[in-house]
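Participant: Any chance you can model this:
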Amino acid sequence: MTPPGDRAWAEQIVAQHYQGLYRYAYRLSGSATEAEDLTQEAFVKALSHSQQLRDAERTRAWLYSILRHEYLQRCRAEQQRGRAVALDETVVVPEPDEEPPAYVDAELLQRGLLLLPEEFRTPLILAYWEDFRYQDIAELMGIPVGTVMSRLWRAKQWLRRWLTNSGTEPFVTWAEVASADGNTEVSSRPSREAAVRRQDYAL
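Facilitator: Okay, the predicted model is just below:
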């Protein structure tokens, strides 16, 4: 690979990693506009801090780490970013008997992802959409591999139930997320007709 820092290196990493970074940014944010901004910002930061890349073989993970850092900074700046299910406080329940639907509405899937806390959303996206190994995810997030595996299992359980119930049952059976007045309602606006095949989300 071209040594970090020069123009050829910049063009190379953009060509190789733009699509993957954009996918990750979109799954994180749910917004095409924000995904574009995050992806561009990640490359700007990478190019201006190329000296921090010690191992060229780690370029991909390094870029995803930069993008995640930028996203989390934006979340902190906004102080609050939507409602998320508190999976850390969940209890383990058996695998649901229902099979996930053969076809999954793309918007429903994305809505479910956005309800997950980022620390659960990121491992799921990186493992199932970006083909990261558990060890790579652990290093990127600064957590043990066992924690990655636990978060993946919980997130998959949550998302399977969400998809099985078409987003109409926001996991009351999996975690008590009701507010003090018992309200567990979430947005259930109509979905687009476009769907993705089951193997495309591979849960």
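Participant: pull the longest helix from this structure.
Facilitator: Across the chain, the longest stretch assigned as helix under DSSP state H is helix 7-29.
Participant: So which elements touch that helix?
Facilitator: helix 32-48, helix 59-78, helix 118-128 (3 or more C-beta pairs under 8 Å, 6 or more residues apart in numbering; DSSP states H and E). To be clear about C-beta, it is placed using only N, CA and C from the backbone, and glycine gets the same treatment.
Participant: Please identify the deepest-packed of these.
Facilitator: Among the helices and strands packed on helix 7-29, helix 118-128 has the highest mean neighbour count (mean count of other C-beta atoms under 10 Å), at a mean of 22.
Participant: Can you give the domain ranges for the protein?
Facilitator: Residue ranges of the domains in the chain are recorded as 7-78, 87-201, according to automatic domain parsing.
Participant: returning to what we had before: let me have the helices and strands packed on helix 7-29 in TSV, extended by distance to residue 19 and mean pLDDT.
Facilitator: As requested, these are exported to TSV (distance: least, C-beta to C-beta, whole Å; pLDDT from 0 to 100):
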stretch	distance to residue 19	mean pLDDT
helix 32-48	9	94
helix 59-78	12	92
helix 118-128	14	95
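Participant: Let's have the ones you listed in TSV, adding distance to residue 22.
Facilitator: What follows is those, written out as TSV (distance: least, C-beta to C-beta, whole Å):
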stretch	distance to residue 22
helix 32-48	5
helix 59-78	9
helix 118-128	12
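Participant: which residues are in contact with the longest helix of the chain?
Facilitator: Helix 7-29 is contacted from outside by 1-3, 32, 34-36, 38-39, 42-43, 46-47, 50, 59-60, 63-64, 67-68, 71, 110, 113, 118, 121-122, 125-126, 129-130, using C-beta atoms under 8 Å, 6 or more residues apart in numbering.
Participant: for stretch 126-146, same thing?
Facilitator: Contacts of stretch 126-146 (C-beta under 8 Å, 6+ apart): 20, 23-24, 27, 61, 64-65, 68, 119, 122-123, 147-149, 152, 201-203.
Participant: Lowest mean pLDDT among the helices and strands, pick that one out for the chain.
Facilitator: Within the chain, no helix or strand scores below strand 195-197, which has a mean of 34 by mean pLDDT, DSSP states H and E.
Participant: that older thread, of the domains of the chain, which shows the lowest average pLDDT?
Facilitator: Averaged per stretch, pLDDT over the domains of the chain is lowest on domain 87-201, reaching a mean of 68.
Participant: wait, what's in contact with residue 61?
Facilitator: Residue 61 makes contact with 132, 136, 139, 140, according to C-beta under 8 Å, 6+ apart.
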